[in-house]
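Novice: Below is the sequence, then the predicted model.
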2 protein chains.
Amino acid sequence: MERLPKKARQQQLVKLIEDNPFVTDQELTRQLKVSIQTIRLDRMELGIPELRERMKQMAERSYDQVRSLPLHEVIGEIVDLQLDKSGISIFEIREEHVFSRTGIARGHHVFAQANSLAVAVINDEIALTFSADIRFIRSVHLGEKCIAKAYVRPPSSGGKGKAKVEVFTYVGEEMVFQGNFVVYRSTGDDNAN
Amino acid sequence: MERLPKKARQQQLVKLIEDNPFVTDQELTRQLKVSIQTIRLDRMELGIPELRERMKQMAERSYDQVRSLPLHEVIGEIVDLQLDKSGISIFEIREEHVFSRTGIARGHHVFAQANSLAVAVINDEIALTFSADIRFIRSVHLGEKCIAKAYVRPPSSGGKGKAKVEVFTYVGEEMVFQGNFVVYRSTGDDNAN
DNA sequence: TAAAATTTAGTACCAGGTTCTAAAATCAAG
DNA sequence: CTTGATTTTAGAACCTGGTACTAAATTTTA
C-alpha cells in the first residue's frame, strides 16, 4: 500500500504554494505534470483553499494588523499598580514587534511599554510624558517576555506639575532597558506625551 | 453646470471603499442607492480597481513586506533619505494614536517615528538604538502631520560603532519633539534597539 | 485477474467582475 | 418648452479561477 508518488506530489504542492501563494491551479499543473483535477483533489485533501481565498486571507490578515496593532491603548499588560508609587507590566515580544531579519525587537516597542507604564502609574486624569532619558541595555528577541517595573521618585522640591518615574525592564534576571521619564500631571496644560 | 451630486457620491464612494476595502459593488449599490453600473463607472473614473484586484494588491503588499523587510519597519513615511547624512519622514496622527479622551497623541508614537527615522538614516545592515535623550516640547493632536528631520552628527572621535543622530519633529513651523539618539552600527553585536 | 485507489475528462454553475451597446432619465439653457 | 448634452440604467456577452458533481480511464495491489 505504498502510495509514495501521491504523497510526494502533495508535499511538493504544499511547498510550491507556500513559497508562492499567488500560483494558480493552471500553473501548478505545469509544474507538477498532472491534470488540473488532480491538483484540485490534492488541494481538497490538504485543505488548501483556492487562490482567491488565499489572497483574501492574506489581505484580511494584513488589514486587521494595521487596525489592531495601534489599538492597544496600553502596550503591555499591567499586572500590578500602586498609583503614584510603582507598577509592573508584562509584554511579550511577538512577530510583529521584531525586525524580521534578525528577530530583534524594534526599540520603540520596548520604549512604548515603559512609556505606557510610566504614564499609567501617575495617578492623574491626564498624564503626558514631558521628556525621557533612556537606554537600551541589550536587545530583546522574539518570544522574550519583558517585565517593566516603574517607580515614582519623590518630587524634588519645586517639581510642581512634574513627576519623575524610573522604569527598569527585565527579561528574566537581566535588565534590558532603563529609562528616566518626566511626566506632566494634568494641570490643564498643553504639553507633551 | 454644477454637478455636485455626482462628485459628492464619488467622494462617498472613495470613503466607503477606503474604510472597507472588502466591499463589493453590490453592497455599494445598496449604500449609495444607485445602480451597479453607476458604481462601476465611478470606479473607472476614479481609477479604483475591482474588489479582487484590491485584495490581491493588499495581499501582495503584505507578502513582500515579509520578504523585503526594510520599509514596513519604519513608522511614518520616509520622503527623503540621504544615508549617513539626513532624512525626513511624515507621520499623520490618527484616531488610533491618541488618547481618546483628549485627542493628544501618545508619546511612544511620536517617539517611534523619530526612532524609526534615526535607525533608517544610518547606512548599515542592522542599526539598533543604543540610547536616546528625548523631549516632548508640545503635545501633538489628532489630525496633525508630524514632520521629522534627522541629522547624523559627525562622529566625535572614538565613536567606533556608534552614530549620533539628532531628530527634530515639527508640526508646521512648530517644533514638537526633539531627540538625540545614539545608534549602534551593525558590527555584529548584540545590543539594543 | 478482479477489486480498490488514483487520475483524468467533462459539464454545469458561481462570484465578481470587464466591455460594449443602447435606451431612459435628468439637467441646463436658449 | 424643447433641444442637446450629461448622467444613469439596463442588458448581453465574455473572463478568471475556481466549486461540485458524474463518469470514464488508468494504475496499483492484493
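Specialist: Now that the structure is in, tell me what you want to look at. Residues are numbered from 1 along each chain as shown, chains lettered A, B, ... in the order given.

Novice: Can you show me the CA trace of stretch A:120-131 as CSV?
Specialist: Extracted in CSV, the C-alpha atoms of stretch A:120-131 (Å, rounded to 0.1, in the frame of the first residue of the first chain):
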residue,chain,number,x,y,z
ALA,A,120,-0.2,54.8,33.9
VAL,A,121,1.5,54.8,37.3
ILE,A,122,0.9,58.5,37.7
ASN,A,123,-2.3,59.0,39.5
ASP,A,124,-3.8,61.7,37.3
GLU,A,125,-6.5,62.3,34.8
ILE,A,126,-4.2,63.2,32.0
ALA,A,127,-0.5,62.4,32.4
LEU,A,128,1.8,63.1,29.5
THR,A,129,5.4,62.4,29.0
PHE,A,130,7.5,65.5,29.1
SER,A,131,10.9,64.1,28.5
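
Novice: anything in stretch A:24-44 near chain B?
Specialist: No: with C-beta under 8 Å from any C-beta of the partner chain as the criterion, chain B is not reached by stretch A:24-44; the gap is at least 12.1 Å. Quick note: C-beta positions are derived from backbone N, CA and C, even for glycine.

Novice: Is there proximity between that stretch and DNA strand C?
Specialist: Yes: using C-beta under 7 Å from any atom of the strand, stretch A:24-44 reaches DNA strand C at A:34-35, A:37-38, A:41.

Novice: Kindly list the longest helix within chain A.
Specialist: helix A:51-68 (DSSP state H).

Novice: related to what we said a few turns ago, can I get the residues of stretch A:24-44 next to DNA strand C in a markdown table including secondary structure and pLDDT?
Specialist: Shown next, in a markdown table, are those (DSSP: H, G, I helix; E, B strand; the rest coil; pLDDT from 0 to 100):
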| residue | secondary structure | pLDDT |
| --- | --- | --- |
| A:Val34 | coil | 93 |
| A:Ser35 | coil | 93 |
| A:Gln37 | helix | 94 |
| A:Thr38 | helix | 96 |
| A:Leu41 | helix | 94 |
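
Novice: For the longest helix of chain A, list every residue counted as buried.
Specialist: A:51, A:54-56, A:58-60, A:62-63 (16 or more other C-beta atoms under 10 Å in any protein chain shown).

Novice: go on, stretch A:166-181?
Specialist: Going by 16+ other C-beta under 10 Å, stretch A:166-181 has these buried residues: A:166-171, A:176-181.

Novice: From those, pick the one nearest DNA strand D.
Specialist: Of all these, A:Val171 has the smallest distance to DNA strand D: 43.8 Å, by C-beta to the nearest atom of the strand.

Novice: Quick check: A:Lys164 touching A:Asp133?
Specialist: No: using C-beta atoms under 8 Å, A:Lys164 is not in contact with A:Asp133; the gap is 10.5 Å.
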